[in-house]
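Asker: sequence and computational prediction follow.
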Amino acid sequence: MDSRRASRMVIDPKVRQVGFVTPSTGTPTPNRTQSGPARSASPSESSPAGNSLPPVTIPPRRHASDNLTSQAVPVPVPMSPLRRLSINENIPIGSYESSEYLLGASPMTSPSIKFDDGEVSEDMFSPGKFSRVNSSGMQSKNYPGASSLITVSAVNKPAGVSEKGGGLSELQNEQLTNSKSLKEKTSKAERRALQEAQRAAKAAAKGEGSNPVVSGGPAPSKAKTTKAVNNPPQRKDAVPSVISEKRGSDRQTEKDRKKDVPHPRMQFDDKQRVEKAKRRAVVKQTEARNRVELFRHLPQYEHGTQLPNLESKFFQLDPMHPAVYKVGLRYLTGDICGGNARCIAMLQAFKESIIDYSTPPEKSLGRDLTAKIGSYVSFMNECRPLSISMGNAIRFLKNRIAKLPPTLPESEAKAALQTDIDRFINEKIILADKVIVEHAVTKIRDGDVLLTHGSSSVVEMILLYAHELGKQFRVVIVDSRPKLDGQALLRRLLAKGLSCTYTHINAISYIMHEVTRVFLGASAVLSNGTVYSRVGTACVCMVAYAFHIPVLICCEAYKFHERVQLDSICSNELGDPDIISKVLGREDVNHLAEWSSTENLQLLNLIYDVTPSDYVSMIITDYGMVPPTSVPVIVREYMKEPLWM
Amino acid sequence: MWRRSASFILDQQQQQKEERKKTTTTTTTTTAMATTTETSSYQNPNNNNNNIHHPNNISAYYQTRAAHHGVVTSDWLAQAQAAVGHDVYDDDADHVVRSSADHHHHPFSVIDEFNRWRKQPDLAEAVAAILALASVIRSSQATTMMELEIELKKASDSLKSWDTTSISLTAGCDLFMRYVTRTSALEYEDFSAAKSRLIERGEKFGEISRKARRTIAMLSQDFIFDGCTILVHGFSRVVLEVLKTAAANKKLFRVLCTEGRPDRTGLRLSNELAKLDVPVKLLIDSAVAYTMDEVDMVFVGADGVVESGGIINMMGTYQIALVAHSMNKPVYVAAESYKFARLYPLDQKDLAPALRPIDFGVPIPSGVEVETSARDYTPPQYLTLLFTDLGVLTPSVVSDELIRLYL
């Protein structure tokens, strides 16, 4: 028997217990790798059915070096004076169905943004936090723990900026002498550095294990405790940078900077890396308190604290192109949502910035532009974690930049990149959607009842097109809190004259028996056929599966990714927990009003979830209708060539 | 005129049908015409149910199958040859009168060529189409690549429209087009060289398709062990080939044949197997679950293999697969790769229905509907392995192969 296919029948909806539980204050986090839910569940309790999944295991803590290996993103480079700073010019963002997705106005006029002077200054001068004060274009930095920041300071320093702090320079001298000796007999020194690094890693692991996890902003004392641990590997890191400083070349510093840039999927329970990332972050986010234990590796911030701060920087921030900045802010406020809209907005912003780009003297366009795009990307990542589709688009763009012949004149290179971006948007998103719609419509028959969840742009197009073709069908829109974006879809469909039913996900099992097809969008499809989509999708799919109703996932092929994900825990996005604590339209019902001050309560607002491929009947992509098992073929055959075209 | 249409057997059947026809409606259309009118009614299965149940809307595919699967005798062949030899095509304007003697005085017609190949009872419809298309290239008068491609396209379209209900015919034509025209070398060569390359590829494809059955039979031998009991459903030439080869290899096995109502294809298969001295037992179609516990494996053919990895096959395959699955018996499908179709049915009704008459032996009361659909869709999760000429595949590989071929 073929076990893979046959196993479909046996699979039950996976029993998963999410740890909505407080860690007892003494318990260290990493000890909980085996037991699954933190509540020390007895075996019978944790596996209610015989065929349920083994308890969730937390992925092993990533060592710092893991993050360095993949996708090093470079860092802002001193801006060229030629760049225009006219933010008043109208930047077209997200022309793709803009009326639907780019709700509200630009962030400048958005009512949710207030310039709060007090808050900004407080944030800027709060102790123990890296702050960047922009005074007359020059950047000066205050570092709380100077010794641990050697690399950063050596790296981050734009030309002509003086270092502050005496201790810092002293330490640097020490490092210089160190590096000299290292130069003479590298092999021995290297060995020593390696040993030290290993020892330090051990010590760090031990230290972290014994420390209770403290959430919130890092206290100065905290920085000191980690300093000792941090030092040896830092020294290793520092060596090349110091050497390069002596040489006066930019190349090595660049490399080092790349090392420092946070990995897009950084593990946020890794405190060292979080600290590091925070120091270089443009967006200052205060971390949310009372975070759910199981999801500590994901970033979660207090919502609404960053905007005023960022807004104030709009006119000053050097390395960021205004178009990019604008898009970033709109991500932050949630003005742009939906995978395609976000991706298109990002690409348009990059296009703007490429138009305004000019290569600084003695630099090559290929390298410098890649670094610049990298800095934009990390900024956007700070505003809102990048989606997989955006990652693919960025990969595409960087590949195009890398493939540019170095002899090409700058203007031509820029023009080529702009057409590349336009082509990506046209072929991979807009045309792909058209093809998907063509395919999907063949699966809609007269008399069908189609169910959709949330609001997917492709599904909307499919429904509208099928209606245009005169097919007689009914739509059930299943919505879920807190976003309720199905309402917007409902409104648009009703305006076109479709007959709709609107319900919440709570009623899914009731409504499912009258449904004949389930059409869903996806944020990404991973190479084991897993569908990564809006939270609630898995629920809808499983109910449909139980009712033997085919589930059709509509997803453009640029959202496919070769990664494999088995649960929604490892990689996900956390939304604002405050939103789910409120009851819509009932101000008087406020049982959770003071939830953040309650020690033993955490709220979890997950944005995405993962649907195993067993529950998916078909994936409709621009390459046709394929079973979920064929996703790796498409990834392998059409995406190994990163050009994709 | 219809008495002289393509296949002699078709006429015979029609005749028989006419005899037992109770209704007065006698539309004497040729089968080709029948299929074209049928296709228009397929567009909307939900709307015109009454149209579908019309006794005349019979899938040409199933008629041909019936013809080929009949126990063939030499005098039957001679008769058929004689009947088709001087047949006159006049159902459509562009179908040219073809005398079997000389090709060159008359324009070439794919359909004729196809029918010529199709007369060989051992040749599958799709292979006949492939061979016909290959000869289109050979006899083409085109002078440019584009012209040739358009000609080929037209030919394959006319073949496909000849019988829209046949999945393997459509799939075979599409695959041929893909296989033949998708070579990168074409752009650089001069026309005659490119054409000869096309001919070469076309013939190679025809050769592969011809040998497919043999290949499958060889591949499947490892799965048939001594003392096993095999349940087969319907009459599949591939399955017969597999069992023949196994018998020739001195394997000891027993075959349970389902009856295969309404066209009794199981009876034919049991007849063939009995000739090979293979122990056969006949079951009525409803005895499948009853006998499943003594079955070691289920062997079925396929009309078409769809993108999900499921198969479309004679009515009853799905329920056999379900029973086998619930009793943990492996279900093996033997299907040539030219049956791989770019279809993706989501459920049973998501197919263009192929209809055939069902003889219940007694008059059916008026107002009682009859399900005349001839085939069903078996989803991939109920299949264990597919034996194809590309190798022994799990159902999910079908889609991989299709993607590789078509994109």
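Answerer: Arrived safely.
Asker: get me the contact residues on chain B for chain A.
Answerer: The interface of chain B toward chain A, taken as C-beta under 8 Å from any C-beta of the partner chain, is made up of B:44-47, B:307-309, B:325, B:328, B:330, B:342, B:344, B:346-347, B:349-350, B:380-381, B:383-385, B:394-396, B:399-400, B:403-404, B:406-407. Using the backbone N, CA and C atoms, a C-beta is placed for each residue, glycine as well.
Asker: for ChimeraX, what selects the buried ones among the residues you listed?
Answerer: Under the burial definition 16 or more other C-beta atoms under 10 Å in any protein chain shown, those of the residues of chain B next to chain A that qualify are selected in ChimeraX by:
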select /B:45,307,308,309,325,330,342,344,346,350,380,381,383,384,385,394,395,396,399,400,403
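Asker: out of the residues of chain B next to chain A, which sit inside helices?
Answerer: Members of the residues of chain B next to chain A lying in helices (criterion: DSSP state H): B:325, B:395, B:396, B:399, B:400, B:403, B:404, B:406.
Asker: surely the fourth one meets residue A:624?
Answerer: No. Residue B:399 is beyond contact range of residue A:624, at 9.4 Å (criterion: C-beta atoms under 8 Å).
Asker: and for those two, which residues touch both?
Answerer: In terms of C-beta atoms under 8 Å, 6 or more residues apart in numbering or on different chains, residue B:399 and residue A:624 are both contacted by the residues residue B:307.
Asker: can you report phi and psi for the residue in the stretch 451-600 of chain A that chain B sits nearest to?
Answerer: Residue nearest to chain B within the stretch 451-600 of chain A: residue A:550 (4.1 Å; C-beta to the nearest C-beta). Comment: the main-chain dihedrals of residue A:550 come out as phi -60, psi 140, following degrees, to the nearest 10.
Asker: quick one, what contacts it?
Answerer: A:517, A:518, A:544, A:617, A:618, B:346, B:347.
Asker: from the residues you listed, which land in strands?
Answerer: Applying DSSP state E to those, the entries found in strands are A:517, A:518, A:618.
Asker: how many other residues sit next to residue A:426?
Answerer: As a burial measure, residue A:426 scores 11 neighbours (other C-beta atoms under 10 Å in any protein chain shown).
Asker: could you do residue B:207 as well?
Answerer: When counting by other C-beta under 10 Å, one arrives at 14 neighbours for residue B:207.
Asker: how about residue B:355?
Answerer: The burial metric for residue B:355, expressed as a neighbour count using other C-beta under 10 Å, is 23.
Asker: swap in residue B:125?
Answerer: If we define neighbours as other C-beta under 10 Å, then residue B:125 has 24 of them.
Asker: right, and it touches residue B:166 too?
Answerer: Yes. Counting by C-beta under 8 Å, residue B:166 is a contact partner of residue B:125 at 5.9 Å.
Asker: and residue A:548, helix, strand or coil?
Answerer: coil (DSSP: H, G, I helix; E, B strand; the rest coil).
Asker: related to what we said a few turns ago, which of the contacts of residue A:550 are buried?
Answerer: A:517, A:518, A:544, A:617, A:618, B:346.
Asker: for residue A:475, grab phi and psi.
Answerer: Recorded main-chain torsions at residue A:475 are phi -120, psi 130, according to degrees, to the nearest 10.
Asker: and it, what's its pLDDT?
Answerer: On pLDDT, residue A:475 comes in at 96.
Asker: okay, and the beta partners of it?
Answerer: Here residue A:475 sits in beta bridges with residue A:450, residue A:500, going by DSSP bridges.
Asker: tell me how far it lies from residue B:204.
Answerer: With distances taken as C-beta to C-beta, to the nearest Å, residue A:475 is found 50 Å from residue B:204.
Asker: cool, residue B:366 as well?
Answerer: Using C-beta to C-beta, we find residue B:366 at a distance of 55 Å from residue B:204.
Asker: do the same with residue B:276
Answerer: The value you get for residue B:276 to residue B:204, if C-beta to C-beta is used, is 32 Å.
Asker: which other residues reach the strand or helix carrying residue A:433?
Answerer: Element membership of residue A:433 [criterion: DSSP states H and E] is helix A:432-441. For helix A:432-441, contacts defined as C-beta under 8 Å, 6+ apart pick out A:340, A:457-458, A:461-462, A:465-466, A:469, A:471, A:519, A:552, A:554-558, A:620-622, A:624-625.
Asker: do stretch B:138-156 as well
Answerer: B:103, B:108, B:110, B:129, B:132-133, B:136-137, B:173-174, B:176-177, B:180-181, B:186, B:191, B:194-195, B:198-199.
Asker: may I see the buried residues of that stretch?
Answerer: Counting neighbours by 16+ other C-beta under 10 Å, the buried set in stretch B:138-156 is B:140, B:145, B:148, B:149, B:151, B:152, B:155, B:156.
Asker: can you give me the distance of the nearest residue to residue A:394 once chain neighbours are set aside to residue A:614?
Answerer: In space, and not counting its chain neighbours, residue A:394 is closest to residue A:377: 5.6 Å by C-beta to C-beta, 6 or more residues apart in numbering or on different chains. Relative to residue A:614, residue A:377 is positioned 34 Å away (criterion: C-beta to C-beta).
Asker: give me the more crowded residue out of these two.
Answerer: A count of neighbours by other C-beta under 10 Å puts residue A:377 above the other of residue A:377 and residue A:614, at 24 against 20.
Asker: using CSV, write out every CA atom in the helix or strand containing the more buried one.
Answerer: Assigned by DSSP H and E, residue A:377 belongs to helix A:365-383. Backbone C-alpha positions of helix A:365-383 (Å, rounded to 0.1, in the frame of the first residue of the first chain) are rendered in CSV as follows:
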residue,chain,number,x,y,z
LEU,A,365,26.0,50.0,-9.0
GLY,A,366,25.5,46.3,-8.5
ARG,A,367,26.9,46.3,-5.0
ASP,A,368,25.8,49.6,-3.7
LEU,A,369,22.2,49.2,-5.0
THR,A,370,21.9,45.7,-3.5
ALA,A,371,23.0,47.1,-0.2
LYS,A,372,20.5,49.9,-0.4
ILE,A,373,17.7,47.6,-1.3
GLY,A,374,18.8,45.5,1.6
SER,A,375,18.5,48.4,4.0
TYR,A,376,15.0,49.2,2.6
VAL,A,377,14.0,45.6,3.1
SER,A,378,15.1,45.5,6.7
PHE,A,379,13.3,48.7,7.3
MET,A,380,10.1,47.3,5.8
ASN,A,381,10.7,44.2,7.8
GLU,A,382,10.7,46.3,11.0
CYS,A,383,7.5,47.9,10.0
